[in-house]
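Chemist: no FASTA, just this:
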């Protein structure tokens, strides 16, 4: 906490030689989080990390500061608030940044509004930066958070396949403690071939793998062709096609989804172990296909639904 | 709107040679605003201007940008949202700044979370900058917004004094369309005697005149002595002592309350017509007195209550 935060309603932002990036995210009780499946510490972690993921997928690896707006019912116990902040501080310890201000007021439902500021660096990732010929890279597994949500809410699983205890643990952790792809972003910066410019497209997979790629296609006015077999899954993921829908359309995994020049994509997939080339970008009206040219139509009702 | 806002979840903050100031304010329906007495346009104006007032009373006269987080019940009509933004844009046209980002989600009650960013300038006003010997300056009338609230909610007035139509109009406008003290801040900068440093204490009167002065005393560890007869009131304000409580303790007037070296205070009161020296700062345990040395005790139950 710096001067101004205790006595005044205002805080100062650290100076930076680079431009700053800013992002505001809202988390509303029973829509974005539920105390039935997450405790206050997890909610604090998640409220900070969802913002951090937006900074990371814009290319910022220097997270500077946060303001926290809290709406809490008067019945909220002080311990809940303490635990919420503990979770926030854990996330900041892991990824950087500090809380420099905020506001708190009463309301009928809990609501957390966080504004995050990070330093703008190279590459400045945009959804709209993809070009035909690019390779599409995912920096990790998908579907884990969706499985975690199902397990935590006792939702019926896609099939009766047995799932390992390790997978259960990884899935529930992925849902309760989403882990933004800061390490992948740093690897991306470090492995850029000298001959390449900093041009790269990126987003996070918070709305699901296919949706994030569709977003890149729409913003960049191009098509994506995906190789179903190249998409990596957790080693314990059930070998049953019906489970793949959660890999492709499960949300809140917060992996980086990148569209990169071939050399750079290959360098990243070599140096960052969970990064994988999963397709390529080509000219055409925005759309996403499998590599057998089947159009990927998502039943919108299957898309991630909040609580 | 600049690049990044349409396609990405992130926005860029303009570069500034000075440090930046940041402030987050929450407005919750039925606590900070009520559609019974304000329309969507007024609520939009108010949501932006309350943030601007915090920047102004920290010394920033260059309002740069806003992010807007909106929680809206699914039943909200699109027209309401349009009007809300119209009110926001009217405020930005008057005071500066632009909306560069935000988030929107559904929720059971309406909630507006705004983060405002301004450039830090001289003087950097803090509540904790007052020194014994300073004069206390208020930059305008107090009590109008409180009267406006009473009129709009058909609350019983303090007495049966008749009030003029002009006062009714000014009071309801003060409540619906609070007007931050940007002009007073600019005047303060321009009238600083060359022999003075930039040291000055300031806050806004959003919590009421006496409470704002108490805040300065507590942060600066000093006492304030106020001259009851020096506090300016609207020319049509009822000449009845019972009405003075709203002048002293009514909230949401958003005047600047300053603690300044004598020369500077006198210069401001000469050059800015509604600015008035209303007391002075002296050593002692934080407290506020009238100039007959009567301690000012506020019945907390009389303090501004939100809806």
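Modeler: Yes, it's here. Predicted model only: the values in this text are computed from it and were never measured.
Chemist: ok, now which ones touch residue A:234?
Modeler: A:141, A:143-144, A:167, A:170-171 (CB atoms under 8 Å, 6 or more residues apart in numbering or on different chains). Using the backbone N, CA and C atoms, a C-beta is placed for each residue, glycine as well.
Chemist: brain fart, residue A:21
Modeler: A:55, A:58, A:60, A:117-120, B:4, B:10-13.
Chemist: again with residue A:185
Modeler: Contacts for residue A:185 (CB under 8 Å, 6+ apart) come out as A:56, A:59, A:61, A:256.
Chemist: got it, and residue A:295?
Modeler: Applying CB under 8 Å, 6+ apart, we find residue A:295 in contact with A:287-289.
Chemist: if we use 10 Å, what do you get?
Modeler: By CB atoms under 10 Å, 6 or more residues apart in numbering or on different chains, the residues touching residue A:295 are A:223, A:287-289.
Chemist: make a markdown table out of the contacts of residue A:185 and add distance to chain B.
Modeler: Formatted as a markdown table, the contacts of residue A:185 follow (distance: CB to the nearest CB, whole Å):
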| residue | distance to chain B |
| --- | --- |
| A:56 | 10 |
| A:59 | 9 |
| A:61 | 14 |
| A:256 | 13 |
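Chemist: from the residues you listed, pick the one nearest residue B:112.
Modeler: residue A:56 (27.2 Å; CB to CB).
Chemist: touching, that closest one and residue A:187? I think so.
Modeler: No. Residue A:56 is beyond contact range of residue A:187, at 11.9 Å (criterion: CB atoms under 10 Å).
Chemist: hmm, back to that, which of the contacts of residue A:185 fall within helices?
Modeler: Among the contacts of residue A:185, the ones falling in helices (DSSP state H) are residue A:56.
Chemist: kindly indicate which of the contacts of residue A:185 lies nearest residue B:93.
Modeler: Nearest to residue B:93 among the contacts of residue A:185, with distances taken as CB to CB, is residue A:59, at 32.7 Å.
Chemist: just to revisit the earlier point, list only buried entries from the contacts of residue A:295.
Modeler: Those of those that meet the buried threshold are A:223, A:288-289, by 16 or more other CB atoms under 10 Å in any protein chain shown.
Chemist: hmm, which two among the contacts of residue A:185 are most spread apart?
Modeler: Most distant of the contacts of residue A:185, by CB to CB, are A:61 and A:256, 11.4 Å apart.
Chemist: mutual contacts of these two, please.
Modeler: A:182-183, A:185, A:188.
Chemist: mind pulling up the pLDDT for whatever residue of the stretch 1-150 of chain A ends up closest to chain B?
Modeler: Proximity of the stretch 1-150 of chain A to chain B (CB to the nearest CB) peaks at residue A:113, 3.6 Å away. At residue A:113, the pLDDT value in this model is 96.
Chemist: that one and residue B:113 touch, don't they?
Modeler: Yes. Using CB under 10 Å, residue A:113 is in contact with residue B:113, at 3.6 Å.
Chemist: shared neighbours of these two, anything?
Modeler: Common contacts of residue A:113 and residue B:113, defined by CB under 10 Å, 6+ apart, comprise A:24, A:26, A:67, A:69-71, A:102-103, B:24, B:26, B:67, B:69-71, B:102-103.
Chemist: the strands in the stretch 151-300 of chain A, which residues?
Modeler: With strands called from DSSP state E, counting those that start in this stretch, the stretch 151-300 of chain A shows them at A:201-204, A:223-226, A:256-260, A:276-282, A:287-290.
Chemist: could you measure from the nearest residue to residue A:239 once chain neighbours are set aside over to chain B?
Modeler: Leaving aside its chain neighbours, residue A:239 sits nearest to residue A:161 (7.8 Å; criterion: CB to CB, 6 or more residues apart in numbering or on different chains). According to CB to the nearest CB, to the nearest Å, residue A:161 stands 34 Å off from chain B.
Chemist: residues contacting residue A:161?
Modeler: A:237-240, A:242-243.
Chemist: which pair of those residues spans the longest distance?
Modeler: A:237 and A:242 (11.8 Å).
Chemist: neighbour-wise, which of those two wins?
Modeler: Using other CB atoms under 10 Å in any protein chain shown as the criterion, residue A:237 and residue A:242 rank with residue A:237 on top: 23 against 11.
Chemist: wait, the more buried one sits on residue A:246?
Modeler: Yes. In this structure, residue A:237 is within contact of residue A:246 by CB under 10 Å, at 8.9 Å.
Chemist: any common contacting residues for those two?
Modeler: Joint contacts of residue A:237 and residue A:246 (CB under 10 Å, 6+ apart) are A:142-144, A:147, A:171.
Chemist: of those, which is the nearest to residue A:269?
Modeler: Taking CB to CB as the measure, residue A:269 sits nearest to residue A:142 out of those, at 15.8 Å.
Chemist: which stretches in chain A count as helices?
Modeler: A:40-56, A:78-95, A:144-152, A:165-176, A:182-190, A:209-220, A:244-249, A:262-271.
Chemist: most packed of those helices?
Modeler: helix A:40-56 (a mean of 26; mean count of other CB atoms under 10 Å in any protein chain shown).
Chemist: related to what we said a few turns ago, how about the helices of chain A in CSV, adding mean pLDDT and distance to residue A:128?
Modeler: Converted to CSV, these look like this (pLDDT from 0 to 100; distance: least, CB to CB, whole Å):
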stretch, mean pLDDT, distance to residue A:128
helix A:40-56, 96, 16
helix A:78-95, 97, 26
helix A:144-152, 96, 26
helix A:165-176, 97, 28
helix A:182-190, 97, 18
helix A:209-220, 96, 4
helix A:244-249, 95, 23
helix A:262-271, 98, 18
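Chemist: and the ones you listed: which comes nearest residue B:156?
Modeler: For residue B:156, the closest of the helices of chain A is helix A:78-95, at 36.7 Å, according to CB to CB.
Chemist: say whether chain B is contacted by that closest one.
Modeler: No. Helix A:78-95 lies apart from chain B when judged by CB under 10 Å from any CB of the partner chain; the minimum separation is 14.4 Å.
Chemist: max-length strand in chain A?
Modeler: strand A:62-72 (DSSP state E).
Chemist: now it and helix A:40-56, what's the angle there?
Modeler: Here strand A:62-72 runs at 140 degrees with respect to helix A:40-56, directions being taken by axes from the mean of the first three to the mean of the last three CA atoms, to 10 degrees.
Chemist: show me how chain A divides into domains.
Modeler: If you go by automatic domain parsing, the domain ranges for chain A are A:20-119, A:127-302.
Chemist: out of these, which is closest to residue B:209?
Modeler: So among the domains of chain A, domain A:20-119 is nearest, using CB to CB, at 21.9 Å.
Chemist: quick one: end-to-end distance for the closest one.
Modeler: Using CA to CA, to the nearest Å, one end of domain A:20-119 lies 5 Å from the other.
Chemist: and if you look at stretch A:59-77?
Modeler: 38 Å.
Chemist: flag every buried residue along it.
Modeler: The neighbour-count check on stretch A:59-77 (16+ other CB under 10 Å) flags A:59-72 as buried.
Chemist: so what's the gap between that stretch and the chain middle?
Modeler: Relative to the chain's own centre, stretch A:59-77 is displaced by 17 Å; criterion: CA atoms, centre = their mean, to the nearest Å.
Chemist: try stretch A:150-165
Modeler: That offset, for stretch A:150-165, works out to 23 Å (CA atoms, centre = their mean).
Chemist: can you name the residue of the stretch 201-307 of chain A nearest chain B?
Modeler: Proximity to chain B, evaluated over the stretch 201-307 of chain A using CB to the nearest CB, is greatest for residue A:219 at 4.2 Å.
Chemist: enumerate the residues of the stretch 201-307 of chain A near chain B.
Modeler: Within the stretch 201-307 of chain A, the positions adjacent to chain B are A:201-204, A:206, A:215-216, A:218-220, A:306 by CB under 10 Å from any CB.
Chemist: thank you, goodbye.
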